[in-house]
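Asks: got a predicted structure plus its sequence, pasted below:
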Amino acid sequence: MLQTPNTKYHAFPPVKLVDRNWPNRIIEKPPIWMSTDLRDGNQSLFEPMNAEKKMRMFKTLCAIGFKEIEVAFPSASETEFGFVRGLIEGGHIPDDVSIEVLTQAREHLIRRTFESLKGAKKAIVHVYNATCKSFRDNVFGMSKAEVVAMAVDAVKLIRAEAEAMPDTEITLEYSPELFTATELDFALEVCDAVTAAWGATPQRKVILNLPTTVEIATPNIYADQIEWMHRHLARRDSVIISLHPHNDRGTAVAAAELGLMAGADRVEGCLFGNGERTGNVDLVTVALNMYTQGVNPSLDFSDINAVARTFEHCTQLPIHPRHPYVGDLVFTAFSGSHQDAIKKGFTAQEAVESWSVPYLPIDPADLGRSYDSVIRVNSQSGKGGIAYLMETEHSIVMPRRLQVEFSGVVQQHTDAHGGEVTASDIWRLFSTTYLESTAPVRYREHHLYEHGSAQCIRLTVDIDGTPHILTGEGNGPINAAVHALQSAGIAIQVRSYEERSMVPIGEDGNAQACAFMEVAGKDSGERYGVGIDGNIVTASLKALISGINRVGFKQIAEEGQQAA
């Protein structure tokens, strides 16, 4: 039991800012966004991303619309250094995107950092050193003057290295690490010394990143600190104030929003808030919060599911089903009264009106989400009961999104027939919906072979009753099958894939594989396909074709022909 009164901790002292302006302001435009998914987010993972996953994440961030992306700490390892070189030498960086690299304020690390940037068109060099009293006294044993000198010497070296690299546009970013725990007058002294050493001008601005390296106070305190710095910086017109909120107190989003109201220009964070300890600020939430208030965040989350699946693949972190905006269940109402209000809201909603549907702060369609799970799902017990019976009676453990989708099928059945739904009824519905559909595309057989490093397939299917032998190659059987089907005008995207054994360990050796594949056409809704077979590749191909039949082959074929 917590002791009362508590003398171990104390409240953070307020900032002496009696005429603060931020409480009366609103956010009227998006900030400069900087993603640190590949650096701060990556270093917090159980298993850091490999080069393939980092490249996939980088391209996703570019597609979303990030113009500044922190890609690595190149002096930390050959892997980090090599990734930066691969981006530059491979021509992967769009002309309007600045890569950012992090370095400590140490000479050999700064020089190594600049080696990684050779040939880049433009880059942000982000240097930092700790400034707060506990680090000065207990970690480094440095005086205030020594801390300032360390920052200034680092900046002078970066300036010299930048001048020696005239073909690369170098922007300086400086962070007084643990800013929120640093005396404000000293934080100001260090930052002013940095901007002077860099020779900051309105045409050559410095990014001053003022992080909540550890969140130690309420968000209003952070806003006061930002507004105080905003007012007192010596070269404010030559400075971009950047926020880097961490989430130790669970209030990083609020801190970012209040910091923007207090005068900041830029926000650093990760897509879904991963990062050291409790994470960095969740950029998707901050951006979509703005969107719900009529502010275009200048980031594209119109296919939020695709972004989420990429994130989960690259980070191996699950997104909580109740995560704001993107969680699989955030637009799902289990309460009967909530469902009733939502249905009535949809009925009353006019296309020309402002969005006003009960319990839904944002239109799911704006994020590429369907309305099916909103208005078709059963109650919590109904959905949970379906999943329980499928697992206990048939050893099929459905992915969460398939549970939501299939519960809609069961709901349609109960709406039409009423009465009790038994385990055999549920299996019949599942089999009819996912396993027995053989039209318009029917799987017959396949053969795998190799061509160099590529995996190739010869796939025999019936399309509208006519046999077709299709060939394709890819980085695996599924990818090769997708390419083979494209040759018949079936342009399909695989959004997610899972496979599980249907027989519990220990019963016998005749386990069957059950494959689950979430697919979509270019402009089609997402649907699951399911395949069951003793061979996992065959089960996967059956799942792929099941998904094609469920999404709608004719629509997919038309889209494929248009793309061709």
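Replies: Looks like it arrived, so ask away. Numbers count the residues shown, from 1 in each chain.
Asks: show me where the stretch 451-564 of the chain has strands.
Replies: Per DSSP state E, counting those that start in this stretch, the stretch 451-564 of the chain carries strands over the ranges 454-463, 466-474, 492-501, 513-521, 527-533.
Asks: same question, the chain
Replies: Along the chain, the segments classed as strands by DSSP state E run 32-35, 68-72, 98-104, 122-130, 169-177, 206-212, 239-245, 266-269, 441-451, 454-463, 466-474, 492-501, 513-521, 527-533.
Asks: can you put those strands in a markdown table and add mean neighbour count, distance to E227 and mean pLDDT?
Replies: Bear in mind the C-beta positions are built from the backbone N, C-alpha and C, glycine included. Listed next are the strands of the chain as a markdown table, based on neighbours: other C-beta atoms under 10 Å; distance: least, C-beta to C-beta, whole Å; pLDDT from 0 to 100:
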| stretch | mean neighbour count | distance to E227 | mean pLDDT |
| --- | --- | --- | --- |
| strand 32-35 | 23 | 18 | 98 |
| strand 68-72 | 25 | 24 | 98 |
| strand 98-104 | 22 | 26 | 98 |
| strand 122-130 | 22 | 22 | 97 |
| strand 169-177 | 22 | 17 | 97 |
| strand 206-212 | 25 | 11 | 98 |
| strand 239-245 | 25 | 10 | 98 |
| strand 266-269 | 26 | 16 | 98 |
| strand 441-451 | 14 | 61 | 95 |
| strand 454-463 | 19 | 58 | 95 |
| strand 466-474 | 15 | 54 | 95 |
| strand 492-501 | 17 | 44 | 92 |
| strand 513-521 | 24 | 46 | 93 |
| strand 527-533 | 23 | 50 | 95 |
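Asks: save those as CSV, and put in distance to T332 too.
Replies: As requested, these are exported to CSV (distance: least, C-beta to C-beta, whole Å):
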stretch, distance to T332
strand 32-35, 28
strand 68-72, 33
strand 98-104, 37
strand 122-130, 40
strand 169-177, 40
strand 206-212, 33
strand 239-245, 29
strand 266-269, 26
strand 441-451, 30
strand 454-463, 35
strand 466-474, 34
strand 492-501, 18
strand 513-521, 17
strand 527-533, 16
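Asks: any stretches of the stretch 251-400 of the chain with poor pLDDT?
Replies: The stretch 251-400 of the chain contains residues with pLDDT under 70 at 334-336, 339, 372-385.
Asks: what's the spacing between the nearest residue to I32 once chain neighbours are set aside and N6?
Replies: With C-beta to C-beta, 6 or more residues apart in numbering as the criterion, I32 has its nearest non-adjacent residue at 4.0 Å, and that residue is R266. Per C-beta to C-beta, to the nearest Å, R266 is found 36 Å from N6.
Asks: so which bits of stretch 397-411 are buried?
Replies: Neighbour counts over stretch 397-411 (16 or more other C-beta atoms under 10 Å) mark 397-399, 401-411 as buried.
Asks: tell me where the stretch 51-200 of the chain has helices.
Replies: Assigned helices in the stretch 51-200 of the chain, in chain order: 51-64, 78-89, 107-116, 133-134, 144-163, 184-198 (criterion: DSSP state H, counting those that start in this stretch).
Asks: for the stretch 351-500 of the chain, that is, sorry about that
Replies: Using DSSP H, counting those that start in this stretch, helices in the stretch 351-500 of the chain cover 372-376, 380-394, 400-417, 423-430, 477-486.
Asks: out of those helices, which is closest to R85?
Replies: Nearest to R85, of all these, is helix 477-486, at 27.5 Å by C-beta to C-beta.
Asks: you'd agree F73 is up against R39?
Replies: Yes - counting by C-beta atoms under 8 Å, F73 touches R39, with 6.0 Å between them.
Asks: between these two, which contacts overlap?
Replies: Common neighbours of F73 and R39, using C-beta atoms under 8 Å, 6 or more residues apart in numbering, are L102.
Asks: pick the most deeply packed of the helices of the stretch 51-200 of the chain.
Replies: Highest mean neighbour count among the helices of the stretch 51-200 of the chain (mean count of other C-beta atoms under 10 Å): helix 184-198, with a mean of 19.
Asks: angle of that helix against strand 169-177?
Replies: Relative orientation of helix 184-198 versus strand 169-177 (axes from the mean of the first three to the mean of the last three C-alpha atoms, to 10 degrees): 160 degrees.
Asks: so for helix 184-198, mean pLDDT?
Replies: In this model, helix 184-198 has an average pLDDT of 98.
Asks: same for it, what does it pack against?
Replies: The contact analysis (3 or more C-beta pairs under 8 Å, 6 or more residues apart in numbering; DSSP states H and E) places helix 184-198 against helix 144-163, strand 169-177, strand 206-212, helix 219-232.
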